[in-house]
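A.B. asks: coords below, sequence missing:
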DNA sequence: GCAAGGACGTA
DNA sequence: GTACGTCCTTGCA
């Protein structure tokens, strides 16, 4: 029991609001359950960690000082208090206690006793009143008081010698913080609360007056009594009336919120002195609670052997051996086989289509059961799950991290699934709401990250166990950064992409809705959204388990549907040659990143800013008034309203169109302002999107920029790049190319750029079977000049630039699914003239018209088109009633065969080039892909040997699947920076 | 704070 | 006329 030791000046009294702590801990901390019997103990764990920090404060580095000399944990004794007597509705709103919270109350009391600390409660009083009385008495004796509570009512006690500590927010509350919260000092807190009321405790206050208004009024009138007495003087009529009408209610509220500081204490202050806890008893309690980490710490601190101490027999769990997931998985697997065979028998034979049917039926027939998920808290349980995965030969995998950026994220947890609803979550890096001062940050019952990584590695690298992920590149990269090479692997997102690109989204939630008819828990439900969103490492572990284990569970279920579909629809080789290998290839590219010259970009930013400032001055002058040149709305009003310039077009929403083409026309007519605006826009674009933004993407660890390449983002099979997008670095203008120069090679290296020359046009010649075009490519002719010559009968030698330019525009137009309207726009010629060009082109190259007609017809019939390598691009709106929507889809479908085939070819090259370089003992590292171009970083001395390897792999990429009749040509060059290599 | 629209960089 | 991603302004909550 606590000893008697009168409190003196300089002592430190700590008062803990036990009831409030339990409530707050229940909601703020991840709900933790005792491993052996699932007894909820989250609040108890948080409480014990806090007490441990407090009693060890003198010796530890917790920063909580001075060490308490006296400490009391204060509880509410009963519901019936003097406040209820004067206002029966007081705290009537309190909801019933959650079931998993109730058993924690007695455990908190037990914990307090185990720490040999005083546990105080007193009939008829709330804990707050007892604490106020203790605090008042201690203050009078010159002691320091710390109140550990999150209850804002306690703020009225704060003063010179009395501070608060919010254990959930890990934040000290002094006079300044009280001001921040209430707009008044602690002595006026009661007045503010009397006016503002409190909906949680059902304190009525004065209607229409909140904390802000209350503080403002009190600032003006001094205190509550003065304010109520002079209410007539208030200027705002509504406010005045409210204060007059509800003066009594304000006074009643004051009674309710004012803490009683003169309770006759059953336990005198002297009796709450802190004594050293009895180590063995404390360890016995902690062992009964199964708080492994804290048990170890306490045992170490008191020099006792935890293993020799029996858990407190009154509190320990009646251990109940958990069901082994190994056995369960086996059982389930056997069930599944029977189901499948039965289904297949029903179809007559085990055809791929029958299997797909069976799997789709199974997917919706087996509901997701989150109650089966396990939170893995010990290495033993982890080992059991790893064994289950080996047994199954397949495991779905998902990593939870601190960031969407796999290059910066830290691992927070890993989930595994070995069968339907047979999933677990292994929390590794979850932090508590009370870290910092009161604990080590990491929540208890988590396997150390390193230990988990080492335990998982043999499984994740086991060639005999297939790892399934949804967007596996993220998890692959994440785990690679922790030293694990996940292989072999499948990716449900990529399977969906191969099967349904263009026909729907490939994210996990929509796939789950579509195939499993199941709605997974949203990320927002675990971590909130908007401003209040928390990082996953702060998520409650039970919610995290439901969310993360479900992701793995759903992923495995999706795999069971999509894998057979690949077989049934003949897309296995597309998936295995164009998609799956790219996971690791892109993962490595992203890990490498690319070097940029930060100084160069910074200097450019300055130059661009100067140019913009100069232009802004001229723009203001020309417009006759200052306006924002970045606002198309304001610009349109100035140009076509105020200045009345001709040629004004409207955008689909009815606003003035101020696009570059419009401004360019106006500039041609000799107007100065549009020219300046165009110049300004160029600088603005270059500065904001490139010179300012790129350096913010520099990874502090690597000093390089790591873009993310998306494999399943386009309908055609192209990759996309984001954060930052490195596929749209300027190249067309001189100013823009300065940015490209800032992309540099590592010291001792050069950048090598290797790009396919006119690949889509070559593919047009191939696919549309245009002998003249094919021949031209075989002969290495200037294809645009040749086209012009064929069309206009002009000899190639001495051809005017304008003629060639028009032919080039037509060639590109064909690739984009040409329309007279579009070509007219591009060439700035009348629609009729453009139509005539197209007509002549088709006459000269009839194969192209046939190709376009055939593609249109195929797309209309099937709803998709296919590339030369079998990749499907879906166009569900190809048969739309709306002619312009239909025409748009037709053009897109025509383009997709060419763009998609080109994308397939470069994917094939990327999948092979690393091995080819390795085989040639070259150390070139592929960094970027820009649709028809690959960028490598190559040591200076290896460049000569590297260029032919890259070129060969790229040019031969279609083989052996497809032997093109047109040659592919690749140009490769090395230089210090990307601009010169390109 | 968020979504839509406009504008513009690339292949 | 194809395919993307990002920045800024604007209008709404």
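C.D. replies: Looks like it arrived, so ask away. Everything numeric in this text was worked out from a predicted model, so none of it was measured.
A.B. asks: What ranges in chain A fall below the confidence cut-off?
C.D. replies: Scanning chain A for pLDDT under 70 picks out the ranges A:1-3, A:57-65, A:78-80, A:89, A:92-97, A:237, A:318-350, A:433-440.
A.B. asks: Would you mind naming what in it lies close to DNA strand B?
C.D. replies: A:529-531, A:632, A:636, A:651-653, A:655, A:657-660, A:663, A:678, A:681-682, A:685-686, A:689, A:725, A:727-733, A:736, A:930-933 (Cβ under 7 Å from any atom of the strand). The C-beta positions use only the backbone N, C-alpha and C, and glycine is treated the same way.
A.B. asks: Helices - which of those land there?
C.D. replies: Using DSSP state H, A:632, A:636, A:660, A:663, A:678, A:681, A:682, A:685, A:736 are the members of the residues of chain A next to DNA strand B that sit in helices.
A.B. asks: filter the residues you listed to the buried ones?
C.D. replies: The neighbour count (16 or more other Cβ atoms under 10 Å) marks A:632, A:636, A:663, A:681, A:682, A:736 as buried among these.
A.B. asks: so which of the residues you listed would you say is closest to DNA strand C?
C.D. replies: residue A:632 (7.3 Å; Cβ to the nearest atom of the strand).
A.B. asks: Show the contacting residues for the spatially closest residue to the closest one that is not a sequence neighbour.
C.D. replies: Of all residues not flanking residue A:632 in the chain, residue A:658 sits nearest, at 4.7 Å (Cβ to Cβ, 6 or more residues apart in numbering). In this structure, residue A:658 makes contact with A:632, A:635, A:636, A:639, A:677, judged by Cβ atoms under 8 Å, 6 or more residues apart in numbering.
A.B. asks: how about a cut-off of 6 Å?
C.D. replies: If you count contacts by Cβ atoms under 6 Å, 6 or more residues apart in numbering, residue A:658 has them with A:632, A:635, A:636.
A.B. asks: And the second one, how close does it get to DNA strand C?
C.D. replies: Translated: residue A:635. 9 Å (Cβ to the nearest atom of the strand, to the nearest Å).
A.B. asks: and the nearest residue to that residue once chain neighbours are set aside, how far is that from residue A:822?
C.D. replies: Of all residues not flanking residue A:635 in the chain, residue A:658 sits nearest, at 5.0 Å (Cβ to Cβ, 6+ apart). As judged by Cβ to Cβ, to the nearest Å, residue A:658 and residue A:822 stand 21 Å apart.
A.B. asks: before we move on, what about residue A:537?
C.D. replies: Where residue A:822 is concerned, residue A:537 sits at a distance of 51 Å (Cβ to Cβ).
A.B. asks: per-domain residue ranges of chain A.
C.D. replies: For chain A, automatic domain parsing gives the domain ranges A:12-272, A:373-570, A:595-703, A:764-897, A:903-981.
A.B. asks: Quote the end-to-end distance of stretch A:744-763.
C.D. replies: 32 Å (Cα to Cα, to the nearest Å).
A.B. asks: So what's the residue count around the residue of the stretch 51-200 of chain A found nearest DNA strand B?
C.D. replies: Taking Cβ to the nearest atom of the strand, DNA strand B has its nearest neighbour within the stretch 51-200 of chain A at residue A:180, 17.7 Å off. The number of residues packed near residue A:180 is 9, by other Cβ atoms under 10 Å.
A.B. asks: and the residue of the stretch 851-982 of chain A found nearest DNA strand C, helix, strand or coil?
C.D. replies: Nearest residue of the stretch 851-982 of chain A to DNA strand C (Cβ to the nearest atom of the strand) works out as residue A:892 at 3.3 Å. The assignment at residue A:892 comes out as helix when based on DSSP: H, G, I helix; E, B strand; the rest coil.
A.B. asks: Show residues contacting the helix or strand harbouring residue A:13.
C.D. replies: Assigned by DSSP states H and E, residue A:13 belongs to strand A:12-17. Under the criterion Cβ under 6 Å, 6+ apart, residues A:66, A:68-73, A:127, A:131, A:134, A:138, A:143-149 lie in contact with strand A:12-17.
A.B. asks: Same check on stretch A:548-567?
C.D. replies: By Cβ under 6 Å, 6+ apart, the residues outside stretch A:548-567 that reach it are A:352, A:355-356, A:359-360, A:363, A:373, A:396, A:398, A:400, A:413, A:415-417, A:423-425, A:468, A:470, A:492, A:495, A:499, A:511-512, A:515-516, A:520-521, A:572, A:575.
A.B. asks: quick one: that stretch to chain centroid distance?
C.D. replies: Between the centre of stretch A:548-567 and the centre of its host chain there is 22 Å, according to Cα atoms, centre = their mean, to the nearest Å.
A.B. asks: now the helices for the stretch 201-350 of chain A?
C.D. replies: For the stretch 201-350 of chain A, helices defined by DSSP state H, counting those that start in this stretch occupy the ranges A:211-221, A:224-229, A:237-245, A:247-257, A:279-289, A:292-302, A:325-346.
A.B. asks: For residue A:785, which of those helices is the nearest?
C.D. replies: With Cβ to Cβ as the criterion, residue A:785 lies closest to helix A:325-346 of these, at 60.6 Å.
A.B. asks: which helices and strands sit right next to the helix or strand just after the closest one?
C.D. replies: Remark: after helix A:325-346, the chain's next helix or strand is helix A:352-365, criterion DSSP H and E. For helix A:352-365, the packing partners by 3 or more Cβ pairs under 6 Å, 6 or more residues apart in numbering; DSSP states H and E come out as helix A:325-346, helix A:541-568.
A.B. asks: angle of the last one against helix A:352-365?
C.D. replies: This points to helix A:541-568. 160 degrees (axes from the mean of the first three to the mean of the last three Cα atoms, to 10 degrees).
A.B. asks: So residue A:880 sits against residue A:887, correct?
C.D. replies: No. Using Cβ atoms under 6 Å, residue A:880 is not in contact with residue A:887, being 9.3 Å away.
A.B. asks: what residues do those two have in common as contacts?
C.D. replies: With Cβ under 6 Å, 6+ apart, residue A:880 and residue A:887 have no common neighbours.
A.B. asks: re earlier: which of the domains of chain A sits most buried?
C.D. replies: Mean neighbour count (mean count of other Cβ atoms under 10 Å) peaks for domain A:373-570 among the domains of chain A, with a mean of 20.
A.B. asks: and it with DNA strand C, contact?
C.D. replies: No. Domain A:373-570 stays clear of DNA strand C (Cβ under 7 Å from any atom of the strand), getting no nearer than 7.7 Å.
A.B. asks: start to end distance for that domain?
C.D. replies: 35 Å.
A.B. asks: Tell me which other helices or strands the helix or strand residue A:885 falls within touches.
C.D. replies: Using DSSP H and E, residue A:885 maps to helix A:883-919. For helix A:883-919, the packing partners by 3+ Cβ pairs under 6 Å, 6+ apart come out as helix A:759-767, helix A:846-862, strand A:864-866, helix A:943-955.
A.B. asks: Including distance to DNA strand C, could those go into a markdown table?
C.D. replies: What follows is the helices and strands packed on helix A:883-919, written out as a markdown table (distance: least, Cβ to the nearest atom of the strand, whole Å):
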| stretch | distance to DNA strand C |
| --- | --- |
| helix A:759-767 | 9 |
| helix A:846-862 | 11 |
| strand A:864-866 | 11 |
| helix A:943-955 | 20 |
